[in-house]
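K.L.:
okay, predicted coordinates and the sequence, questions at the end:
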Amino acid sequence: MEQAVAPTQARSLPPFTKRLLQWSFAVGIIPPVALVAALATKSGYLLDYVHVICGGTWTGFDLYTGLVLSRILRSLEVPARVEVSKRLTPTTFFIIPSLAATAIVSGIYLAISLGKFNLGDPWIMAAGVVVVILTAQGFGVFLPNGLRVFLELAKTKPDVALISKLTMRNVRLAASQAVFQVIIILIMAHLAVY
Amino acid sequence: MNLGALTATFLLAGALLVVFGLVYRVAVRSHARGELSYDGIRLLRWALAGQLAIFVVLGITAFLT
């Protein structure tokens, strides 16, 4: 009977990690390129489209993660959660920050072009506060957690409990981001109508 | 050129570099202890390059307004 051989050196990342990261980058680079195209062609229509689709997709992802995926993950055993995390983290690594950044930047350009970017306006101020909160969460929690998951995956003995904890933290945070995004859409609707 | 947009892009890219720098330091130590494969370090570099590429494209928009 063959004996299992203990690993003598640090193991490699799962083979799908690189592929999923490449896919994430290929999709994630599209929104900023579309924004460049909108501004280069001075198309208000395209600028509006880029802002709405990026903001809507970002919000939709967070709502889906917070309301649907979080419930599914909670019902799974830790090893199954880790398997989901191994694939979810690289797939969303570039796409979500890119959607978020493009939605925010295009929103500012759009507000400027419509003559509504008045920092004294309480609705613009409210939008700014929400954007700062969302950005702080992204840079302060989502990004470092995602990176820490990658590092655990590349370790000789990945801490599956830590991977599960970091993933669930991100999922819960996505739910809070969804709430802030629903609030910012309320602000956007007001700015668009009044 | 929109100086405000360019400054904001630099600030966000700076924040990104700080976060990556902190995680990278931990990763290098783990690698030195033999806990982390070189793949992990390489992946971090690629991840940083990808995020910076997105910021560079966003930075270009500052020159278009």
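P.N.:
Yes, it's here. Residues are numbered from 1 along each chain as shown, chains lettered A, B, ... in the order given.
K.L.:
neighbours of residue A:148, how many?
P.N.:
19 (other CB atoms under 10 Å in any protein chain shown). Heads up, the C-betas are built off the backbone N, CA and C, glycines and all.
K.L.:
looking only at pLDDT, what's the mean for the strand or helix carrying it?
P.N.:
In this assignment (DSSP states H and E), residue A:148 forms part of helix A:143-153. Over the span of helix A:143-153, the pLDDT mean works out to 86.
K.L.:
give the next helix or strand downstream of it.
P.N.:
helix A:160-193.
K.L.:
tell me what angle that following helix forms with helix A:143-153.
P.N.:
150 degrees (axes from the mean of the first three to the mean of the last three CA atoms, to 10 degrees).
K.L.:
in helix A:160-193, what's buried?
P.N.:
Going by neighbour count (16 or more other CB atoms under 10 Å in any protein chain shown), the buried part of helix A:160-193 is A:163-164, A:166-168, A:170-171, A:173-174, A:177-178, A:180-181, A:184, A:187-188, A:191.
K.L.:
who are the packing partners of the helix holding residue A:148?
P.N.:
Counting contacts by 3 or more CB pairs under 8 Å, 6 or more residues apart in numbering or on different chains; DSSP states H and E, helix A:143-153 is packed against helix A:78-92, helix A:160-193, helix B:3-32, helix B:38-60.
K.L.:
buried residues in the last one?
P.N.:
Of the residues in helix B:38-60, those with enough neighbours to count as buried (16+ other CB under 10 Å) are B:39-41, B:43-44, B:47-48, B:50-51, B:53-55, B:57-60.
K.L.:
quick one, that helix and helix B:3-32 angle?
P.N.:
Going by the same axes, to 10 degrees, helix B:38-60 makes 180 degrees with helix B:3-32.
K.L.:
what's in contact with the helix holding residue A:148?
P.N.:
The contact list for helix A:143-153 (CB atoms under 8 Å, 6 or more residues apart in numbering or on different chains) reads A:13-14, A:17, A:85-86, A:89-90, A:92-93, A:97, A:158-159, A:162-163, A:166-167, A:169-170, B:16, B:19-20, B:22-23, B:26-27, B:30, B:36, B:40, B:43-44, B:47.
K.L.:
how close does residue B:47 sit to residue A:150?
P.N.:
Using CB to CB, to the nearest Å, residue B:47 is found at 7 Å from residue A:150.
K.L.:
wait, which of the helices and strands packed on helix A:143-153 is closest to residue A:51?
P.N.:
Minimum separation from residue A:51 across the helices and strands packed on helix A:143-153 (CB to CB) falls at helix A:160-193, 9.0 Å.
K.L.:
relative to helix A:78-92, how tilted is that closest one?
P.N.:
Using the same axes, to 10 degrees: helix A:160-193 against helix A:78-92 is 40 degrees.
K.L.:
any low-confidence regions in chain A?
P.N.:
Along chain A, the model assigns pLDDT under 70 to residues A:1-12.
K.L.:
quick check: residues of chain B near chain A?
P.N.:
When proximity is defined by CB under 8 Å from any CB of the partner chain, chain B lies next to chain A at B:5, B:12, B:15-16, B:19-20, B:22-23, B:26-27, B:30-31, B:34-40, B:43-44, B:46-47, B:50-51, B:53-55, B:57-58, B:60-61, B:64-65.
K.L.:
tell me which residue lies nearest the centroid of chain B.
P.N.:
residue B:48 (3.9 Å; CA atoms, centre = their mean).
K.L.:
does that one touch residue B:19 like I think?
P.N.:
No. At 9.6 Å, residue B:48 does not count as touching residue B:19 under the criterion of CB atoms under 8 Å.
K.L.:
residues contacting residue A:81?
P.N.:
A:73, A:163, A:164, A:167, A:168.
K.L.:
state the helix or strand in which the residue lying closest to the last one once chain neighbours are set aside lies.
P.N.:
The reference is to residue A:168. Leaving out its chain neighbours, the residue that sits closest to residue A:168 by CB to CB, 6 or more residues apart in numbering or on different chains is residue A:73, at 6.6 Å. Using DSSP H and E, residue A:73 sits in helix A:70-74.
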